[in-house]
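K.L.:
my questions are about this predicted structure, shown below with the sequence.
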Protein chains: 2
Amino acid sequence: MHPITHEDDLLALIASVTPTDAGWLPRAAARLDSLTKPPGSLGRLEELAARVACVQETVRPKAARKRIVLMAADHGVVAEGVSPYPQDVTMQMVENFAHGGAAINQLAATARAELTLVDIGVAGDLSELDGIVHAKLAQGTANFVQGPAMTRALCAEAILVGARLAQEAAADGVELIGTGEMGIGNTTAATALTCAFTGVAPLSVTGPGTGLDDAGIVRKAAVVGRALEVNAGLLTDPLGILAALGGLEIAGLAGVVIGAAASRRCVVVDGYISGAAALAALRICPGCADYVFPSHRSAEPGHAVVLVALGLEPVLDLDMRLGEGTGAALAFGIIEAACRMMSGMATFAEAGVSDADDARESALERGTGAAS
Amino acid sequence: MHPITHEDDLLALIASVTPTDAGWLPRAAARLDSLTKPPGSLGRLEELAARVACVQETVRPKAARKRIVLMAADHGVVAEGVSPYPQDVTMQMVENFAHGGAAINQLAATARAELTLVDIGVAGDLSELDGIVHAKLAQGTANFVQGPAMTRALCAEAILVGARLAQEAAADGVELIGTGEMGIGNTTAATALTCAFTGVAPLSVTGPGTGLDDAGIVRKAAVVGRALEVNAGLLTDPLGILAALGGLEIAGLAGVVIGAAASRRCVVVDGYISGAAALAALRICPGCADYVFPSHRSAEPGHAVVLVALGLEPVLDLDMRLGEGTGAALAFGIIEAACRMMSGMATFAEAGVSDADDARESALERGTGAAS
């Protein structure tokens, strides 16, 4: 008997994920069509409610309790000058999150969502900071233009950290789990993952991140190209790709997605970095797909490619590119509204409202055919 | 001295509306750029916050208190068979709103928004119904294929009813006023208004409304064409157009828009019908434009034309076509988040976070130029 490794634990987790029962879709559609509105008139709100209904196995879905898991980590690739911000900003921003000063604090509060802050690999000492989960696995990743960002074992361990946090959220009664991240340099990692998972060329998906100029974007694309070359021999399976080109927070968020699916909870995926994490999760564990709700379409060019690869349409398109879970927090409100609509509205019969079929019948009785 | 008419009162109201002070835009931009996020990284959220800041004349805008004014009325044109639902549904749905069973009840509750229900012209007796504003001006409009839907005086009176409700909302401390409507047949009125205000042909903007089939749409477009012909002599000014082709709830909502602007409050405009009302308001009172926030892009084809005419981009695009204020309620959450972001976030200086300029300076001091 060999010792149980993180990869073994990950395989067991993956095996526990099953798609939703498609039998709930027609039940959800029947409930939605019975409510006092023209059939289909709430468009994507109805689609979102029906998807949550399938996950929760009820025609009265709920999204009252919401939590964003925001994971922070650093990236060795910042040594290549891929960001206009210094690496210290990752740690400074985690402190800012803990003190309530960042955008995600305000957006989560507006959505009445909890916020779980996680140091999974920030370079620096945050051990004295209250109000965060201390789960640091390393002082950031290695520079992936010189070799893999992480070993497979470390990557699997980071996935398991995220999965555990999602399972804890489910145990706490959280209905929507959102993803968020902070990590200077992580659009470079997300771009490398996007290229490796989809086969697109670096220059076609590399964007400004936090604010590179055109020359900076070309340099960043070249860094991504070198990373793909240097690590080519390791990119043989999804876990190998995530380990070589990802980040600790990205692997952690892939774990949040897999853990949410394993716990049969909806996971609302933020923007580009979170989207790359979700794509990694789906390649590692295809059964996750039914549980994934992309929140918004990021202004980062690579995100469109990620969304196509996920095969899912986001809820919002607000030209945002901040991360932190800001898109997930905004989408929470829309998904909560969709669930309350489906659960709380009266049916035509309950409200005594005539529906289009009643109207057609009474027109036939009257011998008129005007109501088409 | 001639007696003071509704049109005189309307002219006085229009004269009280002034655009926002553009001097607040650079102040808003400076505040937004000082917050702990890359400049511009919250995209349209920053634009929305800046617009609210200009309306409220503060760099810490608020959108905590929200109210939807939902106006209901009937339309004589339903005699032409333009809707699959019978006219009774308008009254039945007002009862459903009052009893909390409709989509808007759930969406307003999710957004923590108040809901003011107004009978401004429902055909039928709602006088015993509690929880609504009784402001019935007529038992619906006249059939506008046989002459004007309303007289100019009645239309002006309906506008003033809406304006008064917006002013009351402002006096109550409401920061965001939303519009909503109910009226079987009112996509036909909105389509006629869209054609009259923009010059597009009926067939190019007529849609299914609550659920017409293709033959029904062609018949509805022909009805709109006849209405434009029959009333051609009355379509000489914006009030004449609104009176001839509008509805009591549409005129009332045009009044909500003008009243909101007169009270210096943001007005969040729902979908197609509300959009046509806002377009009428802007043509009657161009100074309103700075106060108008379109909430969503309706699936009704005419709405795209209305949005171009308004010159404003909606916040959401969720393929919805219900009305009632459902889009406005969803957009409330996004605009509230934008305001809380702008008002509540820490600045780089407050949080001790390095910004991109600091990084450039320290790179120069170190003699490196990597951070571009």
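P.N.:
Structure received. As the structure is a prediction and not an experimental result, all values here were calculated from the model. Numbering: from 1, shown residues only, chains lettered A, B, ... in the order given.
K.L.:
what number of residues are in the vicinity of A:His99?
P.N.:
Around A:His99 there are 16 other residues, counting by other CB atoms under 10 Å in any protein chain shown. Just so you know, the C-beta spots here come from the backbone N, C-alpha and C atoms, and that holds for glycine as well.
K.L.:
how close does it sit to B:Glu336?
P.N.:
Here the criterion is CB to CB, to the nearest Å. By it, A:His99 lies 22 Å from B:Glu336.
K.L.:
ditto for A:Ile273
P.N.:
From A:Ile273 to B:Glu336 the distance is 26 Å (CB to CB).
K.L.:
which one's more surrounded, those two?
P.N.:
Taking neighbours as other CB under 10 Å, A:Ile273 and B:Glu336 compare with A:Ile273 leading, 34 against 28.
K.L.:
after the strand or helix carrying the more buried one, which helix or strand is next?
P.N.:
A:Ile273 belongs to helix A:272-284 when elements are defined using DSSP states H and E. For helix A:272-284, the following helix or strand on the C-terminal side (DSSP H and E) is strand A:292-294.
K.L.:
after that following strand, next one along is what?
P.N.:
Criterion used, DSSP H and E; the element after strand A:292-294 is helix A:302-310.
K.L.:
remind me what that next one packs against, helices and strands.
P.N.:
Other elements packing on helix A:302-310 under the criterion 3 or more CB pairs under 8 Å, 6 or more residues apart in numbering or on different chains; DSSP states H and E are helix A:186-198, helix A:272-284, strand A:292-294.
K.L.:
got the contact list for A:Lys220?
P.N.:
By CB atoms under 8 Å, 6 or more residues apart in numbering or on different chains, the contact set of A:Lys220 is A:Val82, A:Thr188, A:Thr191, A:Thr206, A:Gly209, A:Leu212.
K.L.:
from those residues, list the buried ones, please.
P.N.:
Buried members of those, scored by 16 or more other CB atoms under 10 Å in any protein chain shown, are A:Val82, A:Thr188, A:Thr191, A:Thr206, A:Gly209, A:Leu212.
K.L.:
contacting chain B as well, which ones from those residues?
P.N.:
Under the cut-off given by CB under 8 Å from any CB of the partner chain, chain B has A:Leu212 from those close to it.
K.L.:
buried stuff in the one helix or strand A:Ala109 maps to?
P.N.:
Element membership of A:Ala109, judged by DSSP H and E, is helix A:103-110. Along helix A:103-110, these residues count as buried under the neighbour rule (16+ other CB under 10 Å): A:Ala103, A:Ile104, A:Asn105, A:Gln106, A:Leu107, A:Ala108, A:Thr110.
K.L.:
so which of those reach chain B?
P.N.:
Taking CB under 8 Å from any CB as the test, chain B is in contact with A:Ala103, A:Asn105, A:Gln106, A:Leu107, A:Thr110 out of the buried residues of helix A:103-110.
K.L.:
roughly how far apart are the fourth one and B:Leu330?
P.N.:
According to CB to CB, A:Leu107 and B:Leu330 sit 15 Å apart.
K.L.:
what's the closest of the contacts of A:Lys220 to chain B?
P.N.:
A:Leu212 (6.1 Å; CB to the nearest CB).
K.L.:
wouldn't the closest one be in contact with A:Pro84 here?
P.N.:
Yes: with contact defined as CB atoms under 8 Å, A:Leu212 reaches A:Pro84; the gap is 6.3 Å.
K.L.:
may I see the ones next to chain B among the buried residues of helix A:103-110 organised as JSON lines, with pLDDT added?
P.N.:
Shown next, in JSON lines, are those (pLDDT from 0 to 100):
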{"residue": "A:Ala103", "pLDDT": "98"}
{"residue": "A:Asn105", "pLDDT": "98"}
{"residue": "A:Gln106", "pLDDT": "98"}
{"residue": "A:Leu107", "pLDDT": "98"}
{"residue": "A:Thr110", "pLDDT": "98"}
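K.L.:
now those in a markdown table, with distance to B:Lys37?
P.N.:
Below are those laid out as a markdown table (distance: CB to CB, whole Å):
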| residue | distance to B:Lys37 |
| --- | --- |
| A:Ala103 | 5 |
| A:Asn105 | 12 |
| A:Gln106 | 11 |
| A:Leu107 | 11 |
| A:Thr110 | 16 |
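K.L.:
before we move on, the earlier item: mind putting the contacts of A:Lys220 into CSV with distance to B:Ile184?
P.N.:
Listed next are these as CSV, based on distance: CB to CB, whole Å:
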residue, distance to B:Ile184
A:Val82, 58
A:Thr188, 56
A:Thr191, 52
A:Thr206, 53
A:Gly209, 51
A:Leu212, 54
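K.L.:
mind picking the two most distant members of those?
P.N.:
Maximum pairwise distance among the contacts of A:Lys220 (CB to CB): 11.6 Å, between A:Thr191 and A:Leu212.
K.L.:
any idea which element A:Asp9 lies in?
P.N.:
Element membership for A:Asp9, per DSSP H and E: helix A:6-15.
K.L.:
next SSE downstream of that helix?
P.N.:
Downstream of helix A:6-15 (by DSSP H and E), the next one is helix A:24-34.
K.L.:
is that following helix positioned near chain B?
P.N.:
No: applying CB under 8 Å from any CB, one finds helix A:24-34 out of contact with chain B, separated by at least 10.7 Å.
K.L.:
and that helix, average pLDDT?
P.N.:
Mean per-residue pLDDT for helix A:24-34: 98.
K.L.:
please apply the same query to stretch A:212-231.
P.N.:
96.
K.L.:
ok, and for that stretch, which residues are buried?
P.N.:
For stretch A:212-231, the buried set under the neighbour-count rule, 16+ other CB under 10 Å, comprises A:212, A:216-217, A:219-221, A:223-228, A:230-231.
K.L.:
ok, now stretch A:259-267?
P.N.:
Neighbour-count burial for stretch A:259-267 flags A:Gly259, A:Ala260, A:Ala261, A:Ala262, A:Ser263, A:Arg265, A:Cys266, A:Val267 (criterion: 16+ other CB under 10 Å).
K.L.:
as a markdown table, these with pLDDT, secondary structure and distance to chain B would be great.
P.N.:
Listed next are these as a markdown table, based on pLDDT from 0 to 100; DSSP: H, G, I helix; E, B strand; the rest coil; distance: CB to the nearest CB, whole Å:
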| residue | pLDDT | secondary structure | distance to chain B |
| --- | --- | --- | --- |
| A:Gly259 | 98 | helix | 27 |
| A:Ala260 | 98 | helix | 22 |
| A:Ala261 | 98 | helix | 25 |
| A:Ala262 | 98 | helix | 28 |
| A:Ser263 | 98 | coil | 24 |
| A:Arg265 | 98 | coil | 20 |
| A:Cys266 | 98 | strand | 16 |
| A:Val267 | 98 | strand | 20 |
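K.L.:
ranges for the strands of chain A?
P.N.:
Using DSSP state E, the strands of chain A run over A:66-73, A:114-121, A:133-134, A:176-182, A:266-269, A:292-294.
K.L.:
which strands or helices does the shortest one pack on?
P.N.:
In terms of contact count using 3+ CB pairs under 8 Å, 6+ apart, strand A:133-134 is assigned the packing partners strand A:114-121.
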